[in-house]
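**Student:** pasting the structure only:
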């Protein structure tokens, strides 16, 4: 077993309470394949969906939804899809980064490295970011379902798994959230 494998000696996975936000001027619940993909993957590995929303790409509306979730002590992780590009309407990083207590610089770097394998140099236009705010993990990725799959399969599935070694983000959450 390599150091990247899930440890077999941890009997129970910590189930996180999560929220999923889709940032889009055009997506609806009927055609939000990216948000739905994230919800399905979170549920598949045992995490609970506390809330899901779609909001237009507006800095203040984004901040309002995310601020409500990070103020809710029961929500431990927020996954945001969309609004991370360079178009005039893309404002997710500007909306979210001022809320961070700590930024996870490696998330965007690793996402772009993984994404390069699929989309080549176009990955430089991804402004994927992550951080922690009020003991809530926040991961922001591009809006395509392919980008969400890249982030989930390449980073998030392991980092939101309490059994992943040598470390994972679940272990840095406040101890009141840990399951034994």
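**Tutor:** That came through fine. All values derive from a computational prediction rather than experimental measurement.
**Student:** hmm, residue 13 is touching residue 164, no?
**Tutor:** No. With the criterion set as C-beta atoms under 8 Å, residue 13 and residue 164 do not qualify as a contacting pair; they are 9.8 Å apart. C-beta coordinates here come from the backbone N, C-alpha and C atoms, glycine included.
**Student:** those two: which is more packed in?
**Tutor:** More neighbours surround residue 164 than the other of residue 13 and residue 164, with 21 against 17 (other C-beta atoms under 10 Å).
**Student:** excluding its backbone neighbours, what's nearest the more buried one?
**Tutor:** Nearest residue to residue 164, sequence neighbours excluded (C-beta to C-beta, 6 or more residues apart in numbering): residue 158, at 4.5 Å.
**Student:** tell me the secondary structure for that neighbour?
**Tutor:** Three states are possible here, and by DSSP: H, G, I helix; E, B strand; the rest coil the one that applies to residue 158 is helix.
**Student:** do you know how far it is from residue 165?
**Tutor:** The gap separating residue 158 from residue 165 is 10 Å, by C-beta to C-beta, to the nearest Å.
**Student:** now swap in residue 31 and tell me
**Tutor:** Taking C-beta to C-beta as the measure, residue 31 and residue 165 are separated by 38 Å.
**Student:** again with residue 44
**Tutor:** If you measure residue 44 against residue 165 using C-beta to C-beta, the figure is 21 Å.
**Student:** higher neighbour count, these two?
**Tutor:** Here residue 44 and residue 165 are set side by side on neighbour count (other C-beta under 10 Å), and the busier one is residue 165, at 17 against 10.
**Student:** how far out from the middle of the chain is the longest helix that the chain contains?
**Tutor:** In the chain, assigned by DSSP state H, the helix with the most residues is helix 105-119. On the basis of C-alpha atoms, centre = their mean, to the nearest Å, helix 105-119 sits 14 Å off its chain's mean C-alpha point.
**Student:** what is it packed up against?
**Tutor:** Judged by 3 or more C-beta pairs under 8 Å, 6 or more residues apart in numbering; DSSP states H and E, the packing partners of helix 105-119 are strand 129-133, helix 145-151.
**Student:** ok, and what's touching that helix?
**Tutor:** 123-124, 126-130, 139, 141, 146-147, 150-151, 154-155 (C-beta atoms under 8 Å, 6 or more residues apart in numbering).
**Student:** what bridges to residue 132?
**Tutor:** Legend: beta-bridge partners of residue 132 under DSSP bridges are residue 102, residue 137.
**Student:** okay then, goodbye and thanks.
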